[in-house]
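A.B. asks: 3D, please:
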Amino acid sequence: PTNSYTKCCKLVGFFVSLGIPPKIRFDGQNRGNPPTKIWLRYKIFRIFTLPWVLQNLIFWKNIARVLMRVNWAGFIQCFLLKLWQKTWGCLKIVGRRNIFSPSAKIAIMVLKAYTGLSDRHLVEHLNGNLHYQMFCGIMIDPSSPITNYKIVSAIRNEIAARLDIESLQEVLATHWKPYLENLHVCMTDATCYESHMRFPTDMKLLWECLEWLYRHICRHCKKLDIRRPRNKYADVADTYLSYCKKRKRKASRTRMLKRRMIRLLEKLLMQMDEIHRDYGAVLQYTQDYQKRLSIIRKVLVQEKEMFEGRKVSDRIVSVDRHYVRPIVRGKETKSVEFGAKVNNIQINGISFIEHISFKAFNEGIRLKNCIRMQQKLMKVRVTCAAGDSIYANNANRKYCTKYGISTSFVRKGRAAKDEHMRKVLRGELSRERATRLEGSFGTQKQHYSLSRIKARNMKTEILWIFFGIHTANAVLMIDKIRTRTAKTA
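C.D. replies: As a prediction, the model looks like this:
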């Protein structure tokens, strides 16, 4: 009995470390003998699942090995993350010990990008998956798992506030450089990583503003015990509901409803200002409240301008994500995108962020910056550059000719004596850029959580994109390091 009980305890700990749910570990349908059921499940696991577990463990060891080649001290110093310290003498630090060290916090962000799990599911997997805990360098007691699912969001906000893309990419490039080839070739292109938001229209935007204002007016009146001001919110709400149910909406009906919504928005803002003026000392305003109110005022000004037929610059398309701007891409399936536009450079398949902005910009004028950035990262002079037709302007052509840089641009003017060799080089550069560089965009969006960015503010969206791109790089570096190590051996 003692041996069977010891074996049972060992197997229970074994299944806990593998993340098997408690109902499967300790209980059965008829509540039979737990040691027997655990032993049977262990036999099934040993036959069918052990090869997969070993393969999974080897994979996570490889990723950890790639990331361990990065100087964690320099990486953590760039983020300005601090270690928890004990109380010594008169120095007193308030708060309990953090289970996540600075390197574990960065590893959590890598796991988030690689697995594509939500914050809640990531914490659940972290509690039960031994591989994830080994990767993060932590050990979680199965009897006291992490129950705060918001800890991933808190870590993301902490790191996002300290993100310095330029210095971090220099740390990565320094430690990945020995395993890269063709450091003299610079390939560049831009893409848009879309935010997770509904497709914006004027009617949706106006209705969001109306709903928020009316809700807070009712809340203020209830708190102050005063009469609610009169307005046409109920009538406009019924009209908007019937409008949304229409399959085909006439332009005249849309314009009429938009006029009513703009007028109601003006009236609600006036009523809100009266409440603030009369009862401002009693009410308490948060920073988010004041910020959203100022955004709604800007939306009203822009909608009135557009209703009168005038163009608006720096247009707001979402109240929640007020920093997002429409980016016209001119694609056949998606003419306008809403998210961060990123200009990337690629060195031997490894991507680096050259410029990121939520506003539209012309990537064609950034070729010089891309070349300078690659030369700064790799400490090697660039002799070949590849880009699509938007980069082939006269300023870039003159710059490349001046510094002897061969490009993938279509030739202008008379043919040179070695035109045949130049044509072959242009074809190779264009083919490499079109396959590897543009293919990496699809890989990042499909497999590294970059198809729709679900972060809730601008800083965390940029952090999400940063870790998505460089997690994809880390996976690629596994084969590169293995190949280089085999060659040297």
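
A.B. asks: correct me, but residue 317 touches residue 327?
C.D. replies: No. Residue 317 is beyond contact range of residue 327, at 10.4 Å (criterion: C-beta atoms under 8 Å). All C-beta spots, glycine's among them, are computed from the backbone N, C-alpha and C.

A.B. asks: neighbour-wise, which of the two wins?
C.D. replies: Just comparing residue 317 and residue 327: by other C-beta atoms under 10 Å the higher neighbour count belongs to residue 317, 22 against 19.

A.B. asks: wait, is the more buried one part of a strand?
C.D. replies: No. Assigned with DSSP: H, G, I helix; E, B strand; the rest coil, residue 317 falls outside any strand and is coil.

A.B. asks: so what's the closest residue to it other than its chain neighbours up against?
C.D. replies: Of all residues not flanking residue 317 in the chain, residue 200 sits nearest, at 3.9 Å (C-beta to C-beta, 6 or more residues apart in numbering). For residue 200, the contacting residues are 317, 318, 326, 338, by C-beta atoms under 8 Å, 6 or more residues apart in numbering.

A.B. asks: Pull up the gap between residue 200 and residue 217, please.
C.D. replies: Distance, residue 200 to residue 217, using C-beta to C-beta, to the nearest Å: 24 Å.

A.B. asks: hey, what's in contact with both of residue 317 and residue 327?
C.D. replies: Jointly contacting residue 317 and residue 327 under the rule C-beta under 8 Å, 6+ apart are residue 338.

A.B. asks: Show me what the longest strand seen in the chain is packed up against.
C.D. replies: Longest strand in the chain, counting residues (DSSP state E): strand 336-347. Here strand 336-347 touches strand 185-194, strand 326-328, strand 350-357, helix 367-378, helix 458-488, going by 3 or more C-beta pairs under 8 Å, 6 or more residues apart in numbering; DSSP states H and E.

A.B. asks: re the thing from before, work out for me the element the residue nearest to residue 317 sits within.
C.D. replies: Using DSSP states H and E, residue 200 maps to neither a helix nor a strand.

A.B. asks: measure it to residue 265 for me?
C.D. replies: 16 Å.

A.B. asks: Over to residue 338?
C.D. replies: 22 Å.

A.B. asks: Quick one: buried ones out of the contacts of residue 200?
C.D. replies: 317, 318, 338 (16 or more other C-beta atoms under 10 Å).

A.B. asks: now, among those, which is nearest to residue 255?
C.D. replies: residue 317 (19.7 Å; C-beta to C-beta).

A.B. asks: tell me the pLDDT at the closest one?
C.D. replies: Residue 317 carries a pLDDT value of 93.

A.B. asks: Next up, the contacts around it.
C.D. replies: Contacts for residue 317 were tallied using C-beta under 8 Å, 6+ apart; they are 200, 205, 324, 325, 326, 338.

A.B. asks: Adding pLDDT, write those out as a markdown table.
C.D. replies: A markdown table is the format used below for these (pLDDT from 0 to 100):
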| residue | pLDDT |
| --- | --- |
| 200 | 90 |
| 205 | 95 |
| 324 | 93 |
| 325 | 92 |
| 326 | 92 |
| 338 | 93 |
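
A.B. asks: would you put the C-alpha positions of stretch 392-404 in PDB?
C.D. replies: What follows is stretch 392-404, C-alpha atoms only, in PDB (Å, rounded to 0.1, in the frame of the first residue of the first chain):
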ATOM      1  CA  ALA A 392      12.000  54.000 -57.300                       C
ATOM      2  CA  ASN A 393      11.900  57.800 -57.300                       C
ATOM      3  CA  ASN A 394      14.600  60.100 -58.700                       C
ATOM      4  CA  ALA A 395      16.000  61.000 -55.200                       C
ATOM      5  CA  ASN A 396      16.600  57.400 -54.300                       C
ATOM      6  CA  ARG A 397      18.100  56.600 -57.700                       C
ATOM      7  CA  LYS A 398      20.600  59.400 -57.300                       C
ATOM      8  CA  TYR A 399      21.500  58.300 -53.800                       C
ATOM      9  CA  CYS A 400      22.100  54.700 -54.800                       C
ATOM     10  CA  THR A 401      24.100  55.800 -57.800                       C
ATOM     11  CA  LYS A 402      26.200  58.100 -55.700                       C
ATOM     12  CA  TYR A 403      27.200  55.400 -53.200                       C
ATOM     13  CA  GLY A 404      27.400  52.500 -55.700                       C
END
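
A.B. asks: Other residues contacting it?
C.D. replies: Contacts of stretch 392-404 (C-beta under 8 Å, 6+ apart): 364, 365, 367, 368, 383, 385, 405, 406, 407, 409, 410, 412.

A.B. asks: Same question for stretch 274-287.
C.D. replies: 217, 220, 221, 223, 224, 226, 229.

A.B. asks: let's see it at 6 Å
C.D. replies: Applying C-beta atoms under 6 Å, 6 or more residues apart in numbering, the contact partners of stretch 274-287 are 220, 224.

A.B. asks: list the buried ones in it?
C.D. replies: For stretch 274-287, by 16+ other C-beta under 10 Å, it's residue 275.

A.B. asks: could I have that stretch exported to CSV, CA atoms only?
C.D. replies: The C-alpha coordinates for stretch 274-287 follow below in CSV (Å, rounded to 0.1, in the frame of the first residue of the first chain):
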residue,chain,number,x,y,z
GLU,A,274,-24.4,73.0,-18.2
ILE,A,275,-24.2,70.2,-15.7
HIS,A,276,-20.4,70.7,-15.4
ARG,A,277,-20.9,74.4,-15.0
ASP,A,278,-23.5,74.2,-12.2
TYR,A,279,-22.3,71.1,-10.4
GLY,A,280,-18.7,70.8,-11.3
ALA,A,281,-17.5,71.0,-7.7
VAL,A,282,-19.6,68.0,-6.7
LEU,A,283,-18.8,65.7,-9.6
GLN,A,284,-15.4,63.9,-9.9
TYR,A,285,-13.9,63.5,-13.4
THR,A,286,-11.4,60.8,-14.3
GLN,A,287,-8.7,61.4,-16.8
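
A.B. asks: Begin at 6 from now on, thanks
C.D. replies: Shifting the count to begin at 6 puts that one at stretch 279-292.

A.B. asks: How far off centre is that stretch?
C.D. replies: Its chain's C-alpha centre and that of stretch 279-292 lie 36 Å apart, by C-alpha atoms, centre = their mean, to the nearest Å.

A.B. asks: what about that stretch, average pLDDT?
C.D. replies: On average, stretch 279-292 scores 90.

A.B. asks: just to revisit the earlier point, got JSON lines for the buried ones among the contacts of residue 205, with distance to residue 114 too?
C.D. replies: Formatted as JSON lines, the buried ones among the contacts of residue 205 follow (distance: C-beta to C-beta, whole Å):
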{"residue": "322", "distance to residue 114": "28"}
{"residue": "323", "distance to residue 114": "25"}
{"residue": "343", "distance to residue 114": "24"}
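
A.B. asks: Tell me the buried residues within the contacts of stretch 397-409.
C.D. replies: In the contacts of stretch 397-409, the ones that pass as buried (16+ other C-beta under 10 Å) are 369, 372, 390, 410, 411, 412, 414.

A.B. asks: Just the ones of the residues you listed in strands?
C.D. replies: Applying DSSP E to the buried ones among the contacts of stretch 397-409, the entries found in strands are 390, 411, 412.
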